[in-house]
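> predicted model follows, preceded by the sequence.
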Amino acid sequence: MTAHEVREFGLSLSGATQEIQWGKDLLLKVAGKMFVCMGLDPGSRYSFKCEEETFYQMTEMQGVYPAPYLARAHWVQIDPAECRLSRSEIENLVRRSYELVVAKLSKKAQKALESK
């Protein structure tokens, strides 16, 4: 799954927005909190948050690496040229990243997302 396809899928989630940050990274956010990070160039790698156990399982797979600067918070980085995960597997992982971020929002912010 390309970074462009991940972007399109991520933006389909309730309340998701995009923002360019650090001059060269496209971030997908929900309520101002990042759940996907990717480069702007075609073929770029992309990163997302996952649970601790999933992080360790995934970093054993081909084309999946600990995300630079974010690995301590259990973010993985996908190289689409090497990774063999299916589209549905990646969509589920991106959705789970979104859910992990939403779960840490205030109840008020969560309710606002439900109404969108």
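Ah, there it is.

> what's the pLDDT at Lys116?
Each residue has a pLDDT score; the one for Lys116 is 65.

> any idea which element Gln18 lies in?
Counting by DSSP states H and E, the element that carries Gln18 is strand 16-21.

> other residues contacting that strand?
Contact with strand 16-21 is made by Arg7, Gly10, Leu11, Leu26, Leu27, Leu28, Lys29, Val30, Phe35, Leu40, Tyr98, as judged by Cβ atoms under 8 Å, 6 or more residues apart in numbering. Just so you know, the C-beta spots here come from the backbone N, C-alpha and C atoms, and that holds for glycine as well.

> quick check: angle from the following helix or strand past that strand to strand 16-21?
Of the helices and strands lying after strand 16-21 in sequence (DSSP H and E), the nearest is strand 25-30. Interaxial angle of strand 25-30 relative to strand 16-21 (axes from the mean of the first three to the mean of the last three Cα atoms, to 10 degrees): 150 degrees.

> just the CA trace of strand 25-30, in CSV.
Coordinates of each C-alpha in strand 25-30 appear next as CSV, following Å, rounded to 0.1, in the frame of the first residue of the first chain:
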residue,chain,number,x,y,z
ASP,A,25,6.4,15.5,6.5
LEU,A,26,2.7,15.0,6.0
LEU,A,27,0.9,14.2,9.2
LEU,A,28,-2.6,12.8,9.6
LYS,A,29,-4.2,14.0,12.8
VAL,A,30,-7.3,13.6,14.8
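
> going forward, the N-terminal residue is numbered 425.
Sure, I'll start numbering at 425, so the last one becomes strand 449-454.

> got the phi and psi for Ala455?
phi 50, psi 40 (degrees, to the nearest 10).

> ok, it - contacts?
Ala455 is in contact with Gly439, Val525, Val526, Leu529, Ala533, Ala536, Leu537, counting by Cβ under 8 Å, 6+ apart.

> any stretches of this protein with poor pLDDT?
By pLDDT under 70, the low-scoring segments of the chain are 540.

> out of the contacts of strand 440-445, which end up buried?
By neighbour count, with 16 or more other Cβ atoms under 10 Å, those hold Arg431, Gly434, Leu450, Leu451, Leu452, Lys453, Val454, Phe459, Tyr522 as buried.
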